[in-house]
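Engineer: here are the coordinates; sequence isn't available:
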């Protein structure tokens, strides 16, 4: 067995007469951030859809007119392009990375969307073959010992984490809401940690003819149903005193959520716009400040040069005046060569040609005077420019202070309170939905009480009761995995990231004595991320099969919507440490982080920003498109 990583290269949406909408991936750490409703979570859902996800793509207005999706992949150093309709259906696999819709003559391979162990022509088997996990079987029923063929979708939730799944309190091992799937999901986790599937398990044979013939389970007695109703009533009482009002409460909460979300978006939009405008002013201010420093340095240098020119002029003037005096003297022996007056030739060239020296000094004086004049004109221009720079810098400094006041005002307690209220409403909605579900179960059970009880069939005789198959994972393996989780949390400076161990009852890690799922949504998101990344590292470091990439949607939600449970994170340096660690940790493999919040400054240039502003690249996953109503209004005005 070996670690054979998949690499995402691009995802591209195509449609007739539509500008392609695409997102490209690189090896290592990939970061996407930006405002809500720009297509970030939809992008994650689309990747899952192109890896065989059965759920339909959300019907968002931006995808209107697009009918094809292409996903570029690299597996074992070979490039492929997967094609699928936005409406679902089978896949077509093409060799190479294709930039446009391939023609029918390209000769792609059709792959079914559903996993079928008997028919290898499906996407699931092909992907499993690429990572070395094809032909694997996983335990499905511990009592009967029945097995199921491993499909790629059973692995996807361990490497591609969508929002809000990342905030869930239950173990990251479990994804399905059906309790019957928990055995299989834990078996997949066991397969990744150990590299051994459950194909050695032999299913239990039927031990009684009467047992095999009886497919119906015995009906519940009225006493059992009444007990179930009583238990449900107790649960419902903890949620509400008036079960009949839950539907109205849900409607009220949905309305409040919609209004609060609109308000938060407006606040976020104002903050983003102010931040962008402040950035432009700050860049101008920085440029002017640098120019002011440059002007000051030039003035100091030119001052020294002017002094040098003045000294040269004094020296040359002295030479000139001395030469003139020498020419006007009474005849006398030459002080330089000793020639007598009658033997002196003033028109001949020699070291003592005073007239030539005097003329040269005069010419040099004239030249230096021109240079000095030009220098002083330049200095004068710099003085004027420096005054303008100082004036403009002071003006921009005032504007920066004004923008800072706007930001401080926007980030007021009202903004924080709005986020806290939003989190509380989400929690209240979850409780109300749970109450409605319980109420419906109670109603169903009460209807069942009113139905006549059919005569109970005689219980079949079993000669032997089969025992459950033990899904054993070595304690040393679980310890090593837990240590990797703890090490990652420590690298991120997660508070109290000590004493991490795996609880085999909850099938989840316990951190500093607290179950991972007992914390708030923000902490659950971060620890869920650490669990996922640790599983990736465990397989990679031991050369064990794994899809080879990790996608995390909103792992830093604690910074987006801080709550009381997340106070241990707020104010720490977890966010920069999170990105710093993952950048070095990713290596040649891919880790894709999608978040609403801006990454640290060191990662801005490496991240893709969905701005939701048509004036600033990049608007979102799909190109900006004005609404038809706006076009009609513009046409009417014109």
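Structural biologist: Nice, thanks for sending it over. Quick caveat: nothing in here was measured; it's all calculated off a predicted structure. Numbers count the residues shown, from 1 in each chain.
Engineer: contacts, neighbours, all on C-alpha from now
Structural biologist: Noted.
Engineer: mind listing the helices for the stretch 301-450 of the chain?
Structural biologist: Per DSSP state H, counting those that start in this stretch, the stretch 301-450 of the chain carries helices over the ranges 354-410, 413-450.
Engineer: For the protein, which residues score under the pLDDT cut-off?
Structural biologist: 1, 104-105, 205-223, 323-338, 341-342, 344-354, 410-413, 449-467, 558-571, 626-638 (pLDDT under 70).
Engineer: Present the helices of the stretch 301-450 of the chain as TSV; the columns should include distance to residue 618 and mean neighbour count.
Structural biologist: Below are the helices of the stretch 301-450 of the chain laid out as TSV (distance: least, C-alpha to C-alpha, whole Å; neighbours: other C-alpha atoms under 10 Å):
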stretch	distance to residue 618	mean neighbour count
helix 354-410	23	15
helix 413-450	26	16
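Engineer: Indicate which one of those is closest to residue 90.
Structural biologist: helix 413-450 (35.2 Å; C-alpha to C-alpha).
Engineer: if we can go back for a sec, what's the closest of the helices of the stretch 301-450 of the chain to residue 146?
Structural biologist: Nearest of the helices of the stretch 301-450 of the chain (C-alpha to C-alpha): helix 413-450, 30.2 Å.
Engineer: Okay, strands next: where are they in the stretch 501-638 of the chain?
Structural biologist: Secondary structure of the stretch 501-638 of the chain by DSSP state E, counting those that start in this stretch: the strands cover 501-503, 508-511, 514-515, 549-553, 590-595, 607-610.
Engineer: Those: which one's closest to residue 24?
Structural biologist: Among these, if distance is taken as C-alpha to C-alpha, the winner is strand 607-610, at 9.9 Å.
Engineer: Can you give the contact residues for that closest one?
Structural biologist: Under the criterion C-alpha atoms under 8 Å, 6 or more residues apart in numbering, residues 30-35, 38, 40, 599, 617-621 lie in contact with strand 607-610.
Engineer: Just the buried ones among these, please.
Structural biologist: Listed as buried from the contacts of strand 607-610 are 30-35, 38, 40, 599, 618-621; burial here means 16 or more other C-alpha atoms under 10 Å.
Engineer: Please render these as a markdown table that adds distance to residue 118 to the earlier fields.
Structural biologist: Formatted as a markdown table, the buried ones among the contacts of strand 607-610 follow (distance: C-alpha to C-alpha, whole Å):
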| residue | distance to residue 118 |
| --- | --- |
| 30 | 37 |
| 31 | 39 |
| 32 | 39 |
| 33 | 42 |
| 34 | 44 |
| 35 | 45 |
| 38 | 41 |
| 40 | 37 |
| 599 | 46 |
| 618 | 45 |
| 619 | 45 |
| 620 | 42 |
| 621 | 38 |
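Engineer: before we move on, the earlier item: ok, the contacts of strand 607-610 vs residue 417, which is closest?
Structural biologist: Looking across the contacts of strand 607-610 and measuring by C-alpha to C-alpha, the closest to residue 417 is residue 35, at 19.1 Å.
Engineer: show me what contacts the residue lying closest to the closest one once chain neighbours are set aside?
Structural biologist: Of all residues not flanking residue 35 in the chain, residue 596 sits nearest, at 5.9 Å (C-alpha to C-alpha, 6 or more residues apart in numbering). Contacts for residue 596 were tallied using C-alpha under 8 Å, 6+ apart; they are 33, 34, 35, 36, 554, 560.
Engineer: same check, this time on residue 145
Structural biologist: Contacts of residue 145 (C-alpha under 8 Å, 6+ apart): 139, 201, 202, 203, 204, 468, 469.
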